[in-house]
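Q: Sharing a sequence plus its predicted fold:
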Amino acid sequence: MQLATKVDLKLSNGKSIPALGLGTVPPEDPSELKQQVITAIKAGYRHIDTAWYYGTEKYIGQALKELFDEGVIKREDLFVTTKVWPSFWHSPEKSLDKSLEDLGLDYVDLFMQHWPVALHGDENGLPPAPKHDDGSLWYDDDPVTGTKFIETYHKMEDIIDKTSKVKSIGVSNYSIPKLKQLLPKVRKYAPVVNQIELHPQLPQLELVDYCKSKGIVVVAYSPVGSNGAPVLKVPLIQELAKKYDVTTNEITNAYHVLNGRGVLPRSSNLERIKTIIRLPQLSEDDLKKLDQVGLQNPKRYICDSWGYGLGFRYWEGDTLSTEFD
Ligand code: NDP
């Protein structure tokens, strides 16, 4: 059977991204990340997805150093991403420098804006979730109408022009309204990727089609719905795992890879990391049936407060979602 670790997707700037990436949101003990990264790369993964916000970059850095020192893989054969968090919106290069230092790298392959909002962090991006006395999030800009997130993007473009610290830039958690705000303002380097929550319970077909029409590769996060893996309980996914004789994780990965998207599974279980890399050739009909799961009964699992108001469909009470209705 073909391996998902061998599939590359072409980016609009001519570079490519390995479709299967390892997610690195921290487990209870973040130092476990070191072994997870080593296991993944030895199993053939070439894409590691991280972010300043996760606090796991130094453990990833330890893993990479060991792998490079032992000659297991070369830096140029790996695709490493990181992201600038909204509380660091004013200083993406400073955020990047911290990430590079912890990762022990001179450059990342992809630097993304984590969310298109501006939170009130200090010069070191702290605290990551600043709050007013009444407990509400402290923004530096109106999350719906503000444009400071575009300033962040422009500073990310400058990093490409003025340094060799990033190969490509991209975005994450951009809805259609946010992309429509950003894209006309791009100066030189369009986002090559939009990383969003995506799985059969949340197919977001309008957003996926919109990204495709703009040459933006979609990368799916929380492919099994995050902790507890609720997506894997969907009966159709279990049926398809039996039909194609693979694990349910391989069905949720194939759902993206066969549709030309990236996917970022995360696991603390080293055996699982190693064994979810086969790519069953799901039929067109089965891929469409997987879309139907979420079209009929959509579920969003990552509902952090800074995402509210960005215009994501199925975000209960979202002020912008009527745009699609
Ligand atoms: P996933 O959707 O990959 O879910 C991971 C969880 O599912 C783990 O707790 C894992 O447990 C469990 N799991 C997986 N398979 C099984 C199985 N077969 N049986 C039981 N449990 C299972 O998680 P994430 O939300 O972390 O998303 C993946 C990655 O995407 C992140 O790590 C991060 O890199 C990125 N991301 C990006 C975001 C953004 O805003 N840009 C937001 C969220 C994620 P176990 O450890 O036991 O395997």
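A: Happy to help now that I have it.

Q: from what I can see residue 165 touches residue 110, true?
A: No. Taking C-beta atoms under 8 Å as the contact criterion, residue 165 and residue 110 are not neighbours in contact, 11.7 Å apart. Every residue, glycine included, has its C-beta placed from N, CA and C.

Q: So between those two, which is more surrounded?
A: Between residue 165 and residue 110, counting by other C-beta atoms under 10 Å, residue 110 is the more crowded of the two (25 against 17).

Q: Helix, strand or coil: sort out residue 195 for me.
A: strand (DSSP: H, G, I helix; E, B strand; the rest coil).

Q: Just checking the distance from the top helix by length along the chain to the centre of its chain.
A: The residue-count maximum for a helix in the chain (DSSP state H) belongs to helix 148-162. Relative to its chain's centre, helix 148-162 lies at 19 Å (C-alpha atoms, centre = their mean, to the nearest Å).

Q: residue ranges of the helices in the protein, please?
A: If DSSP H is used as the criterion, the helices of the chain fall at 33-43, 57-69, 92-103, 148-162, 176-182, 205-213, 235-244, 248-257, 270-275, 284-296.

Q: between these, which gets nearest to residue 137?
A: Judged by C-beta to C-beta, the one of the helices of the chain that comes nearest to residue 137 is helix 148-162, at 14.3 Å.

Q: Which residues belonging to the closest one are considered buried?
A: Within helix 148-162, the residues that count as buried by 16 or more other C-beta atoms under 10 Å are 148, 149, 150, 151, 152, 153, 155, 156, 157, 159, 160.

Q: cool, stretch 236-247 as well?
A: Along stretch 236-247, these residues count as buried under the neighbour rule (16+ other C-beta under 10 Å): 237, 240, 241, 244, 246, 247.

Q: who's in contact with that stretch?
A: 1, 200, 231-232, 248, 250-252, 254, 275-276, 278, 280-282, 286, 289-290, 293 (C-beta atoms under 8 Å, 6 or more residues apart in numbering).

Q: Up against the ligand, what does this protein have?
A: Taking C-beta under 6 Å from any ligand atom as the measure of proximity, the chain contacts the ligand at 23-25, 49, 114, 172-173, 195, 221-227, 229, 232, 248-249, 264-269, 272, 302.

Q: redo that, cut-off 5 Å
A: 23, 25, 49, 172, 195, 221-222, 224, 226-227, 229, 264-269, 272 (C-beta under 5 Å from any ligand atom).

Q: In strands, which of the residues you listed fall?
A: Among those, the members found in strands (DSSP state E) are 23, 49, 172, 195, 221.

Q: In these, find the pair that's most separated.
A: The two members of these with the most space between them (C-beta to C-beta) are 23 and 172, at 12.6 Å.

Q: For the residue of the stretch 51-200 of the chain found nearest the ligand, give the beta-bridge partners.
A: For the stretch 51-200 of the chain, the residue positioned closest to the ligand under C-beta to the nearest ligand atom is residue 172, at a distance of 3.9 Å. In this structure, residue 172 bridges to residue 195 when assessed by DSSP bridges.

Q: who's in contact with it?
A: Applying C-beta under 8 Å, 6+ apart, one finds that residue 172 lies in contact with 83, 112, 113, 114, 115, 193, 194, 195, 196, 221.

Q: measure the nearest residue to residue 204 once chain neighbours are set aside to residue 261 for me?
A: Among residues not flanking residue 204 along the chain, residue 198 sits closest, at 5.9 Å (C-beta to C-beta, 6 or more residues apart in numbering). Using C-beta to C-beta, to the nearest Å, residue 198 is found at 7 Å from residue 261.

Q: got it, and residue 181?
A: Residue 181 sits 23 Å away from residue 261, taking C-beta to C-beta as the criterion.

Q: How about residue 80?
A: Applying C-beta to C-beta, one obtains 19 Å for the distance of residue 80 from residue 261.

Q: out of those two, which sits in the busier spot?
A: Between residue 80 and residue 261, residue 80 has the larger neighbour count (other C-beta under 10 Å), namely 24 against 21.

Q: residue contacts, that one?
A: Going by C-beta under 8 Å, 6+ apart, the list of residues near residue 80 reads 47, 48, 50, 60, 64, 103, 105, 108, 109, 110.

Q: Surely the third one is in contact with residue 58?
A: No. No contact is recorded between residue 50 and residue 58 when judged using C-beta under 8 Å, the distance being 10.4 Å.

Q: State the mean pLDDT of the longest helix of the chain.
A: Across helix 148-162, the average pLDDT comes to 98.

Q: Verify the stated contact: residue 225 with residue 198.
A: No. Using C-beta under 8 Å as the test, residue 225 is too far from residue 198 to be in contact (10.7 Å).

Q: More neighbours: which of these two?
A: Neighbours per residue, other C-beta under 10 Å: of residue 225 and residue 198, the larger number sits with residue 198, 27 against 22.
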